[in-house]
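**Student:** have a look at this fold, sequence not included:
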Ligand SMILES: NCc1[nH]cc(CCC(=O)O)c1CC(=O)O
């Protein structure tokens, strides 16, 4: 039966393919007789590999082609790392499902050292994330932080050939690729506040495609959705559309949301932090009010400076 086929638009990086296969398997397990096909695509973000993302238009580069495929009915859903999903969607598309979150933490990866604190002065640490960079530099101003791009395998290769003493990657990505053994230390949120949505997989589709939305419904994880909603509300109130030095992380404990956030200068010289606690149904307003507090405490000036150097796309 043709209407029992569902098509997933996906990038072809090993991480993207893992996530697409994960959603395929979950959907097929929930719906007997449903056949799920992958539609592999190349995005601009996959092609431009040598320039810091902030300079070439930011995270949106990885999702535009997938969204075109949805709009032109060449695919039914797109599977994303929530961390890479821009704040706005094209007309007619939306994020309808967020799967259960995996480990949200950043990972310290090194062949020589056990932790950030064990690194000698002058050690070279690789990351292209302004968020990771500012938190690293704030704690260890004596380190040399160098840009590091490419997919997870490429980044590990650059560590292994000696270009870096250590690199920072997401725990979730390493676990998905069966590379958990490379993690020397999972950094607690106090040390490296995660990015919005880190560790969670989200699913986008055409909002008027009710058949697909019904099929996706059992994959939604309410607790993860609440947490990511608070994180994204915080980010949306701050962000101008390009890569930014912002951490935003929510936990849900005993029915209460605890949202922490930071905005920092990329060189770690300034850092504004804040937190909010409240009921989950106020996820969005908690995020917005925390963002406004940060803006009033200096984040406005920090972000203005970041955007001036690298204007949003
Ligand atoms: N920026 C790329 C990216 N997008 C999502 C993940 C990891 C998986 C996740 O956070 O869901 C990664 C790799 C990394 O940051 O190390």
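**Tutor:** In hand now; what should we look at? None of the values given here were measured: they were computed from a predicted structure.

**Student:** is the residue of the stretch 151-300 of the chain found nearest the ligand within a helix or a strand, and which one?
**Tutor:** Relative to the ligand, the nearest point of the stretch 151-300 of the chain is residue 173 (3.1 Å; C-beta to the nearest ligand atom). C-beta here means a position set from N, CA and C on the backbone, and glycine is covered the same way. For residue 173, the host element (DSSP states H and E) is helix 171-176.

**Student:** show me the contact partners of that helix.
**Tutor:** For helix 171-176, contacts defined as C-beta atoms under 8 Å, 6 or more residues apart in numbering pick out 15, 18-19, 22, 81, 102-107, 109, 152, 180, 182-183, 186, 198-199.

**Student:** gap between the residue of the stretch 151-300 of the chain closest to the ligand and residue 141?
**Tutor:** Distance, residue 173 to residue 141, by C-beta to C-beta, to the nearest Å: 27 Å.

**Student:** with neighbour numbers in mind, choose between the two.
**Tutor:** Per other C-beta atoms under 10 Å, whichever of residue 173 and residue 141 has more neighbours is residue 173, with 24 against 11.

**Student:** where does residue 272 fall, helix, sheet strand or coil?
**Tutor:** strand (DSSP: H, G, I helix; E, B strand; the rest coil).

**Student:** contacts only, for it.
**Tutor:** Each residue near residue 272 by C-beta under 8 Å, 6+ apart is listed here: 262, 263, 264, 294, 297, 298, 299, 302.

**Student:** kindly indicate the member of those with the most neighbours.
**Tutor:** Neighbour-wise, these (other C-beta under 10 Å) top out at residue 263, 29 neighbours.

**Student:** that one belongs to a strand?
**Tutor:** Yes: the assignment for residue 263 by three-state DSSP puts it in a strand.

**Student:** who's it bridged to?
**Tutor:** In this structure, residue 263 bridges to residue 246, residue 272 when assessed by DSSP bridges.

**Student:** shaky segments in the stretch 51-200 of the chain?
**Tutor:** For the stretch 51-200 of the chain, the stretches with pLDDT under 70 are 51-60.

**Student:** if you set the cut-off to 90 instead, what comes out?
**Tutor:** 51-65, 84-88, 128, 150 (pLDDT under 90).

**Student:** just the helices in it please.
**Tutor:** 64-71, 130-139, 152-160, 171-176 (DSSP state H, counting those that start in this stretch).

**Student:** show me where the chain has strands.
**Tutor:** For the chain, strands defined by DSSP state E occupy the ranges 5-11, 35-41, 77-81, 93-98, 106-109, 124-126, 144-146, 166-170, 185-187, 201-206, 246-253, 256-264, 271-278.

**Student:** which helices and strands sit right next to the longest one?
**Tutor:** For strand 256-264, the helices and strands in contact under the criterion 3 or more C-beta pairs under 8 Å, 6 or more residues apart in numbering; DSSP states H and E are helix 130-139, helix 222-238, strand 246-253, strand 271-278, helix 283-294, helix 300-309.

**Student:** pLDDT of that strand, averaged?
**Tutor:** Per-residue pLDDT over strand 256-264 has a mean of 97.

**Student:** could we number from 41 for the rest of this?
**Tutor:** Sure, I'll start counting at 41 from here, so that last one is strand 296-304.

**Student:** now that strand, how far from the centre of its chain.
**Tutor:** 15 Å (C-alpha atoms, centre = their mean, to the nearest Å).

**Student:** and the angle for it with helix 262-278?
**Tutor:** Interaxial angle, strand 296-304 versus helix 262-278 (axes from the mean of the first three to the mean of the last three C-alpha atoms, to 10 degrees): 30 degrees.

**Student:** check contacts around whichever residue of the stretch 41-190 of the chain sits closest to the ligand.
**Tutor:** Residue of the stretch 41-190 of the chain nearest the ligand, by C-beta to the nearest ligand atom: residue 121 (3.4 Å). Residues in contact with residue 121 (C-beta under 8 Å, 6+ apart) are 55, 56, 59, 213, 237, 238, 240, 241, 242.

**Student:** ok, of the contacts of helix 211-216, which come out buried?
**Tutor:** Among the contacts of helix 211-216, the ones that count as buried by 16 or more other C-beta atoms under 10 Å are 55, 58-59, 62, 121, 142-147, 149, 192, 222-223, 226, 238-239.

**Student:** return the residues of the stretch 191-340 of the chain in contact with the ligand.
**Tutor:** Taking C-beta under 6 Å from any ligand atom as the contact definition, the stretch 191-340 of the chain meets the ligand at 192, 209, 210, 212, 213, 238, 239.

**Student:** can you pull the contacts of the last one?
**Tutor:** The reference is to residue 239. Residue 239 touches 122, 123, 141, 142, 143, 144, 145, 210, 211, 212, counting by C-beta under 8 Å, 6+ apart.
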